[in-house]
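*Asks:* just coords:
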């Protein structure tokens with residue numbers, strides 16, 4: 001396969017819990033399932049390594065998971081396939097002044113130590129009817145801004161879950177002409193039912209880029225006690241093309257692991273951008289440091 005023009009990708013839907021060893025086992029099983037399938041890139045959802053389920057529960061630092069790092073790096077080097085953990089808690093992540101960890105996208109590439117290309121910008125502090133209030137800012141620090149990760153000549157715009165609601169972030173990625181977008185998520189069920197697919201497809205359409213959107217799904221049980229399910233997530237992981245077509249989609253509101261596989265093509269990206277040349281028509285970002293009047297003239 002020509003690595004320049006085509007890339008085979010996998011998106012993994014999971015039901016993570018608040019016990020790292022269980023999540024690591026699920027991750028390892030998913031990677032084994034993808035062996036010998038000619039995959040170039042695997043993307044896991046938000047909270048893949050640890051899903052906080054109990055109020056006051058401390059976040060473990062992914063930086064300290066040394067043995068797990070070695071096992072993932074070994075798999076990546078053997079199979080020449082990058083692995084992206086959509087969002088894991090990482091202390092510091094390039095900001096020594098932060099007092100709380102970041103929700104960080106972590107990447108393992110063949111022949112390169114793991115690194116953090118992006119930290120979640122928009123933290124989920126909301127009160128959604130039918131769900132208890134969520135305050136990510138109580139235990140996470142906000143990230144710094146838009147970041148593009150490059151791999152095998154492809155440019156990926158990074159985002160995490162709640163970021164999808166902020167079109168200005170994706171407008172920046174569109175202006176940088178990214179080839180694909182990451183949107184690892186753990187959407188609530190009420191918002192997932194109404195907003196998830198609409199937002200995911202819209203961001204792909206307006207960015208004219210592929211969207212890789214792995215999600216948490218189903219019933220998440222607290223592993224520190226004998227209580228029943230304490231959290232539910234929506235699921236329906238998707239791979240969407242630059243025209244907004246859903247290439248692959250997982251089940252919604254169903255527990256367990258589901259793996260989606262598809263191919264990305266530069267020819268398809270070019271085809272969409274030729275039909276609707278948004279780059280040539282885009283005006284606001286080209287003049288973002290100047291005010292524009294109602295007739296489009298710089299003030």
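*Replies:* Perfect, I can see it now. This one's a predicted model, so the numbers in the text were calculated from it and none came from an experiment.
*Asks:* burial measure for residue 139, as a count.
*Replies:* 17 (other C-beta atoms under 10 Å). Any C-beta I mention is one placed from the backbone N, CA and C, and that applies to glycine too.
*Asks:* who does the host helix or strand of residue 68 touch, helix- and strand-wise?
*Replies:* Using DSSP states H and E, residue 68 falls within helix 66-79. When contacts are defined as 3 or more C-beta pairs under 8 Å, 6 or more residues apart in numbering; DSSP states H and E, helix 66-79 packs onto helix 20-34, strand 82-90, strand 102-109, strand 112-119.
*Asks:* List the buried residues in that helix.
*Replies:* 68-69, 72-73, 75-76, 79 (16 or more other C-beta atoms under 10 Å).
*Asks:* on that earlier part again, as CSV, the helices and strands packed on helix 66-79 with mean neighbour count, mean pLDDT and distance to residue 204 would be great.
*Replies:* Putting those into CSV (neighbours: other C-beta atoms under 10 Å; pLDDT from 0 to 100; distance: least, C-beta to C-beta, whole Å) gives the following:
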stretch, mean neighbour count, mean pLDDT, distance to residue 204
helix 20-34, 16, 98, 23
strand 82-90, 26, 97, 17
strand 102-109, 25, 97, 18
strand 112-119, 18, 96, 18
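*Asks:* of all these, which lies closest to residue 56?
*Replies:* Evaluated with C-beta to C-beta, the helices and strands packed on helix 66-79 place strand 82-90 nearest to residue 56, the distance being 14.9 Å.
*Asks:* What strands flank the closest one, and is each parallel or antiparallel?
*Replies:* Here strand 82-90 has these sheet partners by DSSP bridges: strand 41-46 (parallel), strand 102-109 (antiparallel).
*Asks:* residue boundaries of the helices in the protein?
*Replies:* 20-34, 66-79, 167-175, 189-191, 197-207, 266-275, 278-281 (DSSP state H).
*Asks:* Could you point out which residue ranges in the protein have low pLDDT?
*Replies:* Across the chain, the ranges flagged by pLDDT under 70 are 1-3, 93-98, 130-131, 226-227, 229, 285-299.
*Asks:* for the spatially most central residue of it, phi and psi?
*Replies:* Nearest residue to the geometric centre of the chain (C-alpha atoms, centre = their mean): residue 184, 2.5 Å. When read as degrees, to the nearest 10, the backbone of residue 184 gives phi -60, psi 140.
*Asks:* thought it was touching residue 49?
*Replies:* No - taking C-beta atoms under 8 Å as the definition, residue 184 is not a contact partner of residue 49, at 11.5 Å.
*Asks:* what pairs with the closest residue to residue 115 other than its chain neighbours across the strands?
*Replies:* The shortest distance from residue 115 to any non-neighbouring residue, by C-beta to C-beta, 6 or more residues apart in numbering, is to residue 107 (5.9 Å). Beta bridges link residue 107 to residue 84, residue 115, judged by DSSP bridges.
*Asks:* and residue 107, how far is that from residue 184?
*Replies:* 12 Å (C-beta to C-beta, to the nearest Å).
*Asks:* Could you tell me which residues touch both of those two?
*Replies:* 84-85 (C-beta atoms under 8 Å, 6 or more residues apart in numbering).
*Asks:* is it true that residue 105 touches residue 114?
*Replies:* No - contact criterion C-beta under 8 Å: residue 105 and residue 114 do not qualify, at 10.8 Å.
*Asks:* just to revisit the earlier point, out of the helices of the chain, the one nearest residue 119 is which?
*Replies:* Nearest to residue 119, of all those, is helix 167-175, at 12.8 Å by C-beta to C-beta.
*Asks:* Pull the contacting residues for residue 73.
*Replies:* Per C-beta under 8 Å, 6+ apart, neighbours of residue 73: 108, 113-114.
*Asks:* Hmm, residue 100 and residue 119 touching each other?
*Replies:* No - if you go by C-beta under 8 Å, residue 119 and residue 100 don't touch, sitting 11.4 Å apart.
*Asks:* Quick check: neighbours shared by the two?
*Replies:* Counting by C-beta under 8 Å, 6+ apart, the residues touching both residue 119 and residue 100 are residue 141.
*Asks:* Identify whichever of the helices and strands packed on helix 66-79 lies nearest to residue 151.
*Replies:* strand 82-90 (5.8 Å).
*Asks:* I'd like to know which of the helices of the chain lies nearest to residue 54.
*Replies:* It's helix 20-34; of the helices of the chain, that one is closest to residue 54 (C-beta to C-beta) at 14.6 Å.
*Asks:* For the closest one, give me every contacting residue.
*Replies:* The contact list for helix 20-34 (C-beta under 8 Å, 6+ apart) reads 10, 12, 14, 16-17, 42, 44, 48-51, 60, 65, 68, 71-72, 75, 79, 81, 83, 223, 257, 259, 261.
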